[in-house]
Every structure is written in structure tokens, then in C-alpha cells.
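Enquirer: return a 3D structure for these sequence lines:
(one chain, ligands or ions: 3)
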Amino acid sequence: SDNTVPAALPPAPDVIRAASAELIVTDLAAARSFYVDVLRLVVTEEDENAIYLRAFEDYLHHSLVLRKGPVAACAALSYRVRSEAELDVAETYYKALGVDVRRLPAGTKRGIGEIVQVQDPLGFPIEFFYGAEHVERFTQRYDVHGAGAIARLDHFNVVTPDIPAAQKYYEGLGFKVSEDIEDDEQTVYAAWMYRKSTVHDVALTGGDGPRMHHIAFSTNERHQILHICDQLGALRRSDAIERGPGRHGVSNAFYLYLRDPDGHRIEIYTQDYYTGDPDNPVIRWDVHDNQRRDWWGTPVVPSWYSEASTVLDLDGHPAELVERKDSSEAAVTIGADGFSYTRADETRSDGSAGPGSGRSGEVQGVKLGHQV
Ligand SMILES: O=C1C=CC(S(=O)(=O)O)=CC1(O)O
Ligand SMILES: [Ca+2]
Ligand SMILES: [Fe+2]
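Expert: Residues are numbered from 1 along each chain as shown. Ligands and ions are numbered 1, 2, ... in the order given. Coordinates of the predicted model:
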């Protein structure tokens with residue numbers, strides 16, 4: 001089929017928010033121990049092949065499905081649309097884009113109504129749904145929350161080679177950019193885009209893709225994130241902590257990145273900011289600013305840049321990877337941020353004079369990391 005974007009596309013579906021994800025796990029019991037015993041997500045339903053989980057403020061059937069399978073992968077990223085009628089709009093839109101589009105009857109996925117499933121132009125398995133079974137919302141069930149209570153699913157982060165092209169595709173879906181990371185040669189390394197009024201429903205991370213970088217759940221307060229760290233220490237599972245806790249530059253959220261037993265990355269995230277007004281200002285970060293990914297200048301561990309989950313096509317086969325052609329962020333910042341600059345007006349991490357540094361040669365304002 002002809003994959004060039006036709007001149008006049010039909011209307012795009014009205015996406016409300018990132019709503020749920022489906023992860024293939026190779027050991028369902030080990031995954032259950034991580035997501036239920038440690039993270040205390042609520043089991044809505046489960047059988048020998050799959051577990052349907054939700055966070056405390058979710059009232060739809062689930063926001064995460066763990067499905068047993070031979071190879072760890074991401075099988076679906078699901079967006080909720082504003083009404084059932086938007087499913088026809090989604091089907092027409094994606095057929096016009098010339099990609100694989102399928103319609104799954106209600107109940108194909110437990111607790112969810114009819115689904116339009118696509119392998120989008122970036123190669124990701126995306127689902128659109130509206131209908132879903134309502135279940136008890138545990139917002140004030142403080143008797144079961146525990147100290148690390150996770151409130152809701154917040155966003156997806158996906159790895160894709162061409163950020164401007166991915167941004168254009170998501171703008172076509174009505175998403176807007178809140179922040180991005182670029183350099184003075186106009187290379188774009190990452191972008192954050194939203195439909196709901198927070199920093200993002202989807203983050204685009206430059207790299208070989210399609211791969212799923214992480215699924216993020218949010219807590220309402222920072223102390224819940226700190227409890228999860230302390231709890232993992234007490235369980236002698238500190239190896240599940242990949243990056244953080246810390247304060248993001250982009251999004252200003254307090255964060256923690258965990259790796260589940262299959263290596264899927266889960267972010268726990270809290271307190272980003274409101275983006276709902278039409279003139280919400282876009283924040284653009286310089287790739288050499290080592291406060292962009294961690295506001296305190298803490299280096300980013302190399303695995304955070306290099307590792308991500310395989311995604312499946314609609315037949316369950318690993319999607320073919322496309323190599324990133326633009327420069328890689330980890331490379332241009334000399335390892336993983338330990339040697340970038342902390343003040344824009346001083347010398348760059350590669351020794352070149354930063355804007356207005358007035359100094360050449362000596363590298364000023366660099367927080368010496370030891371990640372290379
Ligand atoms: O959700 C996010 C918000 C900010 C960041 S960054 O590390 O601050 O760029 C990463 C992230 O995409 O996971
Ligand atoms: Ca660096
Ligand atoms: Fe994130």
C-alpha cells in the first residue's frame with residue numbers, strides 16, 4: 001500500500017489521554033510479585049495467562065495488562081478516545097495513512113469495549129477505545145493504599161529514530177509539544193507531547209525504533225516514590241532501581257525509573273505542571289545542558305539511553321527496527337551527562353566556548369560525572 005501521507009487526511013480521532021499498556025512477560029508469577037506485591041497495583045482480574053491491573057485512581061477495568069509470552073515485549077499502547085463514534089474516525093484516519101488497521105469486537109480484551117488496533121506510521125501497536133467496564137475506584141481506600149500508593153497511568157515514552165517526523169504524526173493526532181531537547185544545529189533529540197493538560201501523554205525519545213522506552217505511573221506525592229525506593233532496599237531488590245530518584249529538568253516532575261523482572265522500564269513520576277491553556281509556552285532545552293534530564297545535574301545512567309523494550313506488530317511478531325540517522329544524545333553529551341555544562345553562558349562540554357562564555361579552552365561549570 002502507498003505509505004506517502006495523502007494531501008488531505010480525514011479528521012483524526014479525538015484522543016483524551018494515554019490510558020493503558022499491555023506488556024508481554026516471560027514469567028507471570030515474577031511479574032505479579034513486582035507489580036502487585038511491591039508496587040501494589042490492584043488486580044482487577046487474572047487468569048493463568050494474563051493479569052489485569054489498575055492504579056488507585058483508575059475506575060476503568062485496567063491500565064496495565066501483563067500477558068504471559070515467550071519473549072518480553074510491548075504488545076499495545078492504548079489511548080482512550082472521547083466516544084464510541086471516534087472509533088470509526090480512527091479506522092478511517094489510519095486507513096488513509098495506509099497502515100495495518102483492525103477492529104476488535106468488545107470483550108476481545110477483558111473489560112474493554114470495541115477496539116481499533118493499528119500499527120501506526122512509527123511502527124507501534126496502538127489501540128483506541130472508549131467502552132470499558134467501571135470498577136471500584138480506590139481513591140480514598142487509604143486502608144489498602146500503602147505508603148507507595150500509585151495513583152494512575154500518566155504517559156508512554158517511545159523510542160523512534162526521527163523525532164521531527166514523529167512529532168508531525170502526533171501533531172496530526174492533535175497532540176501539542178510541551179518541551180523538547182535540541183542543539184544549535186536544529187537536531188531534535190526528544191520531545192514531549194500532550195492531549196490531557198499535563199506535560200505529556202507520549203514522549204518521543206530519539207533512537208533506533210520502534211521500541212517502548214517506558215510506561216509511567218504517577219503518585220500524588222514525592223514521599224510515595226521515596227517509600228518505593230526504601231521498600232525495594234528492604235526487599236534486597238535495589239537492583240530494580242535503574243535511575244533516580246531525582247527531579248527532572250524536562251517536566252519538573254520528581255521521578256524514579258524501575259526495571260521489572262523482564263527488563264521493562266517503569267517510571268514512577270509525580271508533580272509535573274498544567275499545560276491546558278492554548279498558549280502554553282513550549283520549553284526548549286539545549287542537549288548540552290546537564291540539568292535537562294536531571295535538575296540536580298545527576299548523570300543519566302547509560303542503560304537509560306541504550307535499553308528499551310521490543311514492540312510487537314499486530315500479528316505478535318517483533319517490529320522491525322529503523323536506525324536513527326541523527327546524532328545520539330548520549331554521544332553528543334560525552335557519555336551520560338556527567339560532562340555537560342551546568343550554565344548556558346559558559347564553555348560547552350566538548351571544550352568549545354558556550355554562548356557568551358567569554359572564555360575559551362577551560363571547561364567551566366561542569367559537574368564531573370564518572371559515566372562514560
Ligand atoms: O517523563 C519524562 C519526563 C522528563 C524526562 S527527562 O529525563 O527529564 O528528560 C524523561 C521522561 O520522558 O521520562
Ligand atoms: Ca555528557
Ligand atoms: Fe517518563
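Enquirer: residue 224 reaches residue 149, doesn't it?
Expert: Yes: at 5.5 Å, residue 224 counts as touching residue 149 under the criterion of Cβ atoms under 8 Å. The way it works is simple: take the backbone N, C-alpha and C, and place the C-beta from them, glycine included.
Enquirer: and the helices in the stretch 251-372 of the chain?
Expert: Assigned by DSSP state H, counting those that start in this stretch, the helices in the stretch 251-372 of the chain fall at 302-306, 329-332.
Enquirer: nearest to residue 287, out of the ones you listed?
Expert: When the helices of the stretch 251-372 of the chain are compared by Cβ to Cβ, helix 329-332 sits nearest residue 287, at 5.7 Å.
Enquirer: now that closest one: mean pLDDT?
Expert: Helix 329-332 comes out with an average pLDDT of 86.
Enquirer: now it: buried residues?
Expert: 329, 330, 332 (16 or more other Cβ atoms under 10 Å).
Enquirer: check stretch 230-246 too.
Expert: Within stretch 230-246, the residues that count as buried by 16+ other Cβ under 10 Å are 231, 232, 240, 241, 242, 243, 244, 245, 246.
Enquirer: do stretch 136-146 as well
Expert: The neighbour-count check on stretch 136-146 (16+ other Cβ under 10 Å) flags 138, 145 as buried.
Enquirer: span of it from start to end?
Expert: By Cα to Cα, to the nearest Å, the extent of stretch 136-146 from end to end equals 17 Å.
Enquirer: nearest to ligand 2: which residue in this protein?
Expert: Going by Cβ to the ion, ligand 2 is nearest to residue 333 of the chain, at 3.2 Å.
Enquirer: correct me if wrong: that residue contacts residue 340.
Expert: Yes: judged on Cβ under 8 Å, residue 333 makes contact with residue 340 at a distance of 4.7 Å.
Enquirer: so who does the closest residue to residue 237 other than its chain neighbours touch?
Expert: Among residues not flanking residue 237 along the chain, residue 38 sits closest, at 7.0 Å (Cβ to Cβ, 6 or more residues apart in numbering). By Cβ atoms under 8 Å, 6 or more residues apart in numbering, the contact list for residue 38 reads 228, 231, 232, 235, 237, 240.
Enquirer: now do 10 Å
Expert: Residue 38 is in contact with 148, 228, 231, 232, 235, 237, 240, 258, 260, counting by Cβ atoms under 10 Å, 6 or more residues apart in numbering.
Enquirer: measure the last one to ligand 1 for me?
Expert: It refers to residue 260. With distances taken as Cβ to the nearest ligand atom, to the nearest Å, residue 260 is found 16 Å from ligand 1.
Enquirer: may I have the phi/psi pair for the residue nearest to residue 91 when sequence neighbours are not counted?
Expert: In space, and not counting its chain neighbours, residue 91 is closest to residue 116: 5.1 Å by Cβ to Cβ, 6+ apart. When read as degrees, to the nearest 10, the backbone of residue 116 gives phi -100, psi 120.
Enquirer: who does residue 116 form a beta bridge with?
Expert: residue 103, residue 128 (DSSP bridges).
Enquirer: what's the answer for residue 309, then?
Expert: Residue 309 forms beta bridges with residue 212, as assigned by DSSP bridges.
Enquirer: so where's the chain uncertain?
Expert: The chain contains residues with pLDDT under 70 at 1-7, 334-339, 346-349, 353-372.
Enquirer: for the chain, what's the longest strand?
Expert: Determined from DSSP state E, the single longest strand within the chain is strand 15-25.
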